[in-house]
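Visitor: could you work out the structure for the sequence below:
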Amino acid sequence: MKTHIFFSAKAIVLATTFAFIFSACDDDNDVVPNEQELITTVRLTFTSGNESLVFNAIDADGPGGNPLVVDEVNLAANTTYQLSVAFLDEQDPANAEDITEEVREESTEHLVCYEATGVPSPTGLDLDANGKTLGLKATYTTADAASGSLKVILKHEPDKDAANPCATGETDVEVTFNVVVN
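Guide: I've put the predicted structure just below:
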């Protein structure tokens with residue numbers, strides 16, 4: 001009888017040990033959130049014919065610290081430009097990273113929005129993998145001489161089917177350029 005009780009106690013201890021070990025082994029399927037990239041530079045390139053004009057908004061040390069430095073955009077009147085926007089992490093100039101490639105690769109999760117005041121607004125040309133506007137490339141047609149501003153906003157996980165997709169999702173970066181059309 002003692003042998004039977006001893007065997008049962010041993011079986012219980014062994015079963016409890018295995019249960020503890022296997023319950024401690026978690027199937028680590030946690031979703032790793034997509035880290036927001038550091039964007040220190042927003043670069044606009046306006047191309048008309050053989051001429052390319054490049055304008056930057058640079059926050060060299062990232063958020064906080066030194067203020068953002070934004071170029072004034074100077075464009076010719078009554079001209080159609082092909083606009084491309086680039087997002088860069090140049091906090092370490094020796095190891096600059098082009099975030100634009102990640103935006104393109106994750107096109108369904110991003111949207112470049114433009115808000116113009118006093119000047120025309122760009123019209124997005126490129127599409128994401130679902131056929132929705134991405135906005136890294138656009139057409140920009142100026143009219144007569146004018147001045148105003150152009151806000152460039154990179155949205156993360158916007159609802160591209162919403163009435164105003166630029167009002168949805170998280171803002172990765174937002175920069176306002178002063179624009180002068182001569």
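
Visitor: quick one: the strands in the chain, in order.
Guide: Per DSSP state E, the chain carries strands over the ranges 41-48, 51-58, 69-70, 73-75, 80-89, 97-98, 110-117, 123-124, 137-141, 146-156, 170-181.

Visitor: what about the residue nearest to residue 148 when sequence neighbours are not counted, distance to residue 89?
Guide: Nearest in space to residue 148, with sequence neighbours left out and distances taken as C-beta to C-beta, 6 or more residues apart in numbering, is residue 118 at 2.4 Å. To be clear about C-beta, it is placed using only N, CA and C from the backbone, and glycine gets the same treatment. Going from residue 118 to residue 89 by C-beta to C-beta, to the nearest Å gives 31 Å.

Visitor: between those two, which one's more packed in?
Guide: Neighbour comparison, residue 118 and residue 89: the larger count goes to residue 89, with 16 against 12 (by other C-beta atoms under 10 Å).

Visitor: quick one: that one from residue 123, how far?
Guide: Spatial separation of residue 89 from residue 123 under the definition C-beta to C-beta is 28 Å.

Visitor: what's near enough to touch residue 161?
Guide: Residues counted as contacts of residue 161 (C-beta atoms under 8 Å, 6 or more residues apart in numbering) are residue 132.

Visitor: so it versus residue 62, what's the distance?
Guide: When C-beta to C-beta is applied, the distance between residue 161 and residue 62 equals 33 Å.

Visitor: would you single out the least confident of the strands of the chain?
Guide: Confidence, taken as mean pLDDT, is least for strand 123-124 of these (a mean of 92).

Visitor: if we can go back for a sec, the residue nearest to residue 148 touches residue 149, doesn't it?
Guide: Yes - contact criterion C-beta atoms under 8 Å: residue 118 and residue 149 qualify, at 6.8 Å.

Visitor: between those two, which contacts overlap?
Guide: Residues touching both residue 118 and residue 149 comprise residue 179, with contact defined as C-beta under 8 Å, 6+ apart.

Visitor: give the contact list for the residue nearest to residue 148.
Guide: For residue 118, the contacting residues are 146-149, 179, taking C-beta under 8 Å, 6+ apart as the criterion.

Visitor: PyMOL command for the buried members of those?
Guide: Those of the contacts of residue 118 that count as buried under 16 or more other C-beta atoms under 10 Å are selected in PyMOL with:
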select buried, resi 179
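
Visitor: pull the number of nearby residues for residue 44.
Guide: The number of residues packed near residue 44 is 24, by other C-beta under 10 Å.

Visitor: and the residue nearest to it when sequence neighbours are not counted, how far from residue 74?
Guide: Distance criterion C-beta to C-beta, 6+ apart; nearest residue to residue 44, sequence neighbours excluded, is residue 55 at 4.8 Å. Per C-beta to C-beta, residue 55 is found 8 Å from residue 74.
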